[in-house]
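# build the 3D model from these lines:
(chains A, B and C)
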Amino acid sequence: MGGGHLEDNVFKQYLKSKQLFRRNREILRPSYIPDELPHRQQQISQLASVLVTALKGERPSNILIFGKTGTGKTASVKYLGNEIKKADSELNKVSFVYMNCEIVDTQYGVLQNIGNRLIDDFNERIPFTGWSTERVYNILRDKIDEEKKVFIVVLDEIDKLVYKSGDDVLYHLSKINDDLQNARVSLIGISNDLKFTEFLDPRVKSRLGEEKMVFPPYNAEQLKDILSQRAAVAFDDGVVEESVIPLCSALAAQEHGDARRALDLLRVAAEIAERNYDDKITEAHVHKAKNKIELDCVTETVKTLPTQSKLVLMSIILNEEKDNGRLTTGDVYGTYRELSHVVGVSILTQRRVTDLISELDMLGIIRARVKSFGRGGRTKEIESSVPLLETKRVLEEDEMMYGLKNYKPKTQTTLM
DNA sequence: TGTCCACTGGAAGGGAGGGCTT
DNA sequence: AAGCCCTCCCTTCCAGTGGACA
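Model prediction:
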C-alpha cells in the first residue's frame, strides 16, 4: 500500500461509517422477548389468571389461543413462561415446555420431543425413530409422573400438526392426566387458523378448548408503540428519522397488523442504511427494505424447494414466458416431462405433480384455481405470482437445472 | 337436457430410509 | 441377521364433477 491520502484509501468509508445499531440487533428480531409487551396487558393477565393455578400445584385449564401472525401470541406465552419460572424458582413445581409444531409435525416427533426435554441423561434419550409411538408415550408418561409437578406444554402452530398428522397425539396428550398419579399436564395450543378445531375429534376439541382466547391484530398506533419501545433500546437518539416508525407501522398495519412485519421492516431498513454508510435511517430505506423483504422471501422459498417442485415451477415459468393464454395442469405436466427428461431425473406421475402444484400454490408462489372449461374439461388454471426473471435465475442456480439454461420447451400448448 | 372432456382429489398401499430390538 | 416401527415420497386406481356444447 503506497502512501495514499486518506481520501482515496479503501478504508475511508469504513472509518467514516457509523455503527447504527447501538446494541445487539436481536432486539429488533420478532423472536426477541422484551420485558414488557405493549398492548397485550389484557391478554397476558387473562392468561396469567388461568395459569396461576399451576403455582398452587393444580392443573390449569387447557387453553387455545387464536390470532393472526405477528399478533404477539408466541411472545406473550413465552413471556409468561419466563414469569412462571421466576415465580416458581424455589419450589420448582412447574415445568414449561414450548414446542413449535411447524418444525415438529408428527405424532412421534411431538412425544419424542417433549420426552427428551425431561430426560437429562443423554444415554436414555428417545431416538428420533425406531420405537413404536406407544412406547414413546409410555416413557413420556412415566417420566412426567415421577414427581408431583404441573407441566405446561405449549404447542405453537398446532394447526399445522393437525393438518399433517391428525389429532391422535392431541387425543392422547389431552387425556394423559387419567394415566397420571402425581403429576398434571395442561396444554396451550396456539394457532393462527380459527377453523382447525373443526378437524378435531369432538372430545379432543372440548378438552383442548377449555379456555379460548383471541389475539386481535395491532393497529397502526399500537405498532408505533411497539416499534418505538424497541427502537429506543436498539438505536441512539436521532438515528431514526421521525417519520420512519410511523411508516413502518402503517405498512405493517396494512398487512393485518403484523408486528413481526413491522419489526422486520425497521431492522432491514437499518441494515440497508448501515451498509450504505448512511448515518440516519430514512423513509427511503424503509421502502427499500420492503422490496428486499418481499424478494428475499420469494428467493428463499424457491431456493429451498425440492428438485421435483423446482422442475414443476420451471415448467410453469417457461410456459408463462411463451405467454400463450391459459395454463392448465396438462400443459404444465407436458413441459415438466420434457424438462425432467432433459435434466435426467425420473418422471413423476401426473397425480403426484398435481400435488406439487397445490403445494406451490399454498406457498404463494403460484396461483392455481380449479376451473371448468365445459367440454374442454375441468382442471386447474395456473399462473405464477412471482417475478418471472428473478425466479428463473434462482432456479437456474441449482446444479440440477444447468441443462435448462436457455431451454425452450417444445410442447405446443393449444392456443385459445 | 344430457353428454363428455380433462382433470381433481381421496384411498390404499408400496418401498426406501431412518433406526431400534432380540 | 431378522423383525419390528414410523415417516416420506410416490404410484395406482378411480369415482366424481362444472359447465360448454350438441
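
# okay, and A:R369 sits in which element?
Under the criterion of DSSP states H and E, A:R369 resides in strand A:366-372.

# what mean pLDDT does that strand get?
The average of the pLDDT scores along strand A:366-372 is 96.

# likewise for stretch A:57-69?
The predicted model assigns stretch A:57-69 a mean pLDDT of 95.

# how about stretch A:304-313?
With pLDDT averaged residue by residue, stretch A:304-313 scores 96.

# buried set for it?
When neighbours are counted by 16 or more other CB atoms under 10 Å, the buried residues of stretch A:304-313 are found to be A:L305, A:Q308, A:S309, A:K310, A:L311, A:V312, A:L313. Where you see a C-beta, it was placed from the backbone N, CA and C, and this is true even at glycine.

# tell me the spacing between the second one and A:K322.
This means A:Q308. 22 Å (CB to CB, to the nearest Å).

# elements contacting the strand holding A:R369?
Contacts of strand A:366-372 with other secondary structure elements, assessed using 3 or more CB pairs under 8 Å, 6 or more residues apart in numbering; DSSP states H and E, are made with helix A:350-362, strand A:378-384.

# could I get those as a markdown table with mean neighbour count?
Conversion of these to a markdown table gives the following (neighbours: other CB atoms under 10 Å):
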| stretch | mean neighbour count |
| --- | --- |
| helix A:350-362 | 16 |
| strand A:378-384 | 17 |
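
# who's in contact with stretch A:174-185?
Applying CB atoms under 8 Å, 6 or more residues apart in numbering, the contact partners of stretch A:174-185 are A:58-59, A:62, A:141, A:144-151, A:153, A:173, A:187, A:204, A:207-208.

# cool, stretch A:50-65 as well?
When contacts are defined by CB under 8 Å, 6+ apart, stretch A:50-65 is touched by residues A:47, A:73, A:77, A:80, A:84, A:87-88, A:91, A:93-94, A:148, A:150, A:152, A:158, A:174, A:177, A:184-191, A:197, A:207-215.

# ok, 7 Å please
Here stretch A:50-65 makes contact (CB atoms under 7 Å, 6 or more residues apart in numbering) with A:73, A:80, A:84, A:87-88, A:93-94, A:150, A:152, A:174, A:177, A:184, A:186-191, A:207-213, A:215.

# please, which helix or strand holds A:P246?
With DSSP H and E as the test, A:P246 turns up in helix A:244-254.

# local confidence estimate at A:R184?
Note for A:R184: predicted pLDDT of 96.

# find the nearest non-adjacent residue to it, please.
For A:R184, the nearest residue in space outside its immediate sequence neighbours is A:R59; the separation is 3.7 Å by CB to CB, 6 or more residues apart in numbering.

# so how many other residues sit close to the one you found?
Counted with other CB atoms under 10 Å, the burial measure for A:R59 works out to 16 neighbours.

# just to revisit the earlier point, okay, the helices and strands packed on strand A:366-372 in a markdown table with mean pLDDT and distance to DNA strand C next?
As requested, those are exported to a markdown table (pLDDT from 0 to 100; distance: least, CB to the nearest atom of the strand, whole Å):
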| stretch | mean pLDDT | distance to DNA strand C |
| --- | --- | --- |
| helix A:350-362 | 97 | 3 |
| strand A:378-384 | 96 | 4 |
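
# need the ones you listed in TSV (columns: distance to A:R40).
As requested, these are arranged in TSV below (distance: least, CB to CB, whole Å):
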stretch	distance to A:R40
helix A:350-362	30
strand A:378-384	38
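
# which parts of the stretch 1-150 of chain A sit against DNA strand B?
Taking CB under 7 Å from any atom of the strand as the measure of proximity, the stretch 1-150 of chain A contacts DNA strand B at A:P127, A:F128, A:T129, A:G130, A:W131.
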